[in-house]
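Undergrad: just to be clear, the model below is a prediction. Sequence and coordinates:
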Amino acid sequence: MNSTISRRSPMSYPLVLVWSHCGAAYRVTPWPEVQLERCYGTEWIAVASSTDVLASAARMLNEQNWQPYLEFVPAPVREHLARFKFTRMEALLVAARCPVLAAELAETPALTAFVSSHSDLRGTSGPVWTEINAVYERSGIFGLLEWLGLPSSRQTLAVLRNLSDPDVPKRFLGPLRAMLWEPRTIFTLQRTPMITDRQLARYCHAPAAA
């Protein structure tokens, strides 16, 4: 009597993203946990994100690194992250921590930069993702704009949607926020269909992006 041997097909497992910063190894765990960890000896320990660590991720992780990781991310999130290059890690953290904002960020991708930098913009000691979700659930998109220190108006959203690249440089966020409170400037930007980084730099009185 012949016996049949069943072979288990190879299985794919979610991957982590690993990079180094100042001689230390960092990683981000798979979706939906998406936890930033640092290696201490042989143990990975969760740590808070920092601008320098995330900047290192942007420099060291290319499309080949990201592709296997994104295979285990839901398609709508994957499509959203594809819009970002230099701040994709920040966009990933926002998508994982603030799922209630998915539709709003899909419509206004540049808002992601403000949400990801909320602790710097608000002067807090660290990120408060739970509070962001609560603000949005209570007061909607205009409540979130107000919480971020932006004018709570459709004009603000129109300007952010006119930005040609959602990878808004962090050095522009503060000046842009201040600029959006100036009626003449917001009137002009609202009617500029494609605001480039170079134009944004000129308006913000900051060095033009390379």
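TA: All right, it came through fine. Numbering: from 1, shown residues only.
Undergrad: got the domain ranges for the protein?
TA: 16-72, 87-210 (automatic domain parsing).
Undergrad: what's the first-to-last distance across the shortest one?
TA: What that stands for is domain 16-72. 10 Å (C-alpha to C-alpha, to the nearest Å).
Undergrad: looking at the domains of the chain, which has the lowest confidence?
TA: With a mean of 92, domain 87-210 has the lowest mean pLDDT of these.
Undergrad: what are the ranges of the strands in the protein?
TA: Secondary structure of the chain by DSSP state E: the strands cover 17-21, 24-28, 36-40, 43-46.
Undergrad: hmm, back to that, adding distance to L81, write the domains of the chain out as TSV.
TA: Any C-beta I mention is one placed from the backbone N, CA and C, and that applies to glycine too. Formatted as TSV, the domains of the chain follow (distance: least, C-beta to C-beta, whole Å):
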stretch	distance to L81
domain 16-72	7
domain 87-210	5
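Undergrad: return the most buried member of the ones you listed.
TA: domain 87-210 (a mean of 17; mean count of other C-beta atoms under 10 Å).
Undergrad: separation between the closest residue to D52 other than its chain neighbours and A134?
TA: Leaving out its chain neighbours, the residue that sits closest to D52 by C-beta to C-beta, 6 or more residues apart in numbering is H21, at 6.7 Å. Look at H21 and A134: by C-beta to C-beta, to the nearest Å, they are 32 Å apart.
Undergrad: and for E107?
TA: 21 Å.
Undergrad: in the chain, which helix is the longest?
TA: For the chain, the longest helix by residue count, based on DSSP state H, is helix 129-147.
Undergrad: good, we can wrap up now.
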